[in-house]
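>>> Sequence first, then the predicted structure:
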Amino acid sequence: MVAGYTEAVRRVIYVITVLGVLSIGSSQVDGWPDFRGPTQDGHADQAGVPLRWSEKENVRWKVPIAGVGWSSPVVLGDQVWMTTATAKGHEMSLVSVSLVDGDKIHQRVVIRNADPAPKHDLNSYASPSPVIEAGRVYAHFGSYGTMCLSTETGEALWDRRDIRCDHVTGPGSSPFLYGDLLLLHMDGADVQFVIALDKKTGETRWKTPRSVDLK
């Protein structure tokens, strides 16, 4: 379990890898790199996803992951990466496990918050899904931070803590890659904008306000 999780806030979420997910990881589509998948539309035509599963049916392995997270796991090669956070948002983490057997590969607390902002009860502090590509995984926790880690070592390659808005109900939008850019949209009660970061350095390449006031 992630260091620093107290019994009062410790919850367990289970990552269940079914036959269909394993098929995605080894099919001609290159894994499942982000929330919407390799074709950005949620489709995995070649995956052969099973239509039924239970505690035993179509399950290869199951492993407990400490914390709470509504984000989707991402898959590339033999690694599955996911985000999780303590229930009160004091720690936010990235975890990777083996696609083959669920063994832990990396587990890193990437953000510590002394005083997290409130969120909606139906949201979590780890709702945006990460993005993965060869050698790198990108995680976005809204205003709390955006970072890139090495999938080989688990070490941070860059980290941004200055991209902010008032989420009100907590962060939820997932980033995606386009060319050499990592794209984020920040739609807060105070400001709304789309921002593109250089995926290699994390530096801002451009930032565009929304054309309408979403308030």
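Great, that's in hand. These numbers were taken from a predicted model, which means no experiment stands behind them.
>>> going forward, measure contacts and count neighbours with C-alpha atoms only.
Noted.
>>> how close does residue 100 sit to residue 65?
Computed as CA to CA, to the nearest Å, the residue 100 to residue 65 distance reads 16 Å.
>>> Check residue 168 too.
Distance from residue 168 to residue 65, by CA to CA: 27 Å.
>>> More neighbours: the two, which one.
residue 65 (21 against 13; other CA atoms under 10 Å).
>>> Can you say which helix or strand has the more buried one in it?
strand 59-66 (DSSP states H and E).
>>> Poorly predicted segments of this protein, please.
Within the chain, the segments meeting pLDDT under 70 span 1-30, 47, 214-215.
>>> Which residue ranges of it form strands?
12-18, 59-66, 74-76, 79-85, 91-98, 104-112, 131-133, 136-140, 146-150, 156-160, 176-178, 181-187, 192-198, 204-209 (DSSP state E).
>>> Can you tell me which of those is nearest to residue 39?
Closest approach to residue 39 among these is made by strand 176-178 (11.5 Å; CA to CA).
>>> neighbouring strands for that closest one, and are they parallel or not?
Applying DSSP bridges, strand 176-178 is found paired with strand 181-187 (antiparallel).
>>> Give me the contacts around the partner strand.
142, 164-165, 167, 173-177, 192-199, 214 (CA atoms under 8 Å, 6 or more residues apart in numbering).
>>> phi, psi of residue 169?
With angles defined as degrees, to the nearest 10, residue 169 sits at phi -100, psi 0.
>>> Near it, how many other residues are there?
17.
>>> before we move on, what about residue 180?
Neighbour tally, residue 180, other CA under 10 Å: 11.
>>> what about the residue nearest to it when sequence neighbours are not counted, neighbour count?
Computed as CA to CA, 6 or more residues apart in numbering, the closest residue to residue 180 that is not its neighbour in sequence is residue 199, at 5.7 Å. When neighbours are counted by other CA under 10 Å, residue 199 registers 21.
>>> What residues does residue 199 make contact with?
180-182.
>>> I'd like the distance from it to residue 139, if you could.
12 Å.
>>> need the contact list for residue 112.
Shown in contact with residue 112 (CA under 8 Å, 6+ apart): 90-92.
>>> where's it relative to residue 51, distance?
From residue 112 across to residue 51, the span is 39 Å (CA to CA).
>>> Any buried residues in stretch 91-100, and which?
By neighbour count on 16 or more other CA atoms under 10 Å, the buried set for stretch 91-100 is 91-99.
>>> closest to residue 153 among the residues you listed?
residue 96 (11.0 Å).
>>> Wait, the closest one touches residue 104, no?
Yes: the pair residue 96 and residue 104 qualifies as a contact (CA atoms under 8 Å) at a distance of 6.2 Å.
>>> what are the bridge partners for residue 63, then?
residue 15.
>>> So it sits against residue 102, correct?
Yes: Residue 63 is within contact range of residue 102, at 6.2 Å (criterion: CA under 8 Å).
>>> more crowded one of these two?
Neighbour comparison, residue 63 and residue 102: the larger count goes to residue 102, with 20 against 16 (by other CA under 10 Å).
>>> got a list of what the more buried one touches?
Contacts of residue 102 by CA under 8 Å, 6+ apart are 61-63.
>>> Would you mind measuring from it to residue 49?
Distance, residue 102 to residue 49, by CA to CA: 19 Å.
>>> Repeat that for residue 202.
From residue 202 to residue 49 the distance is 35 Å (CA to CA).
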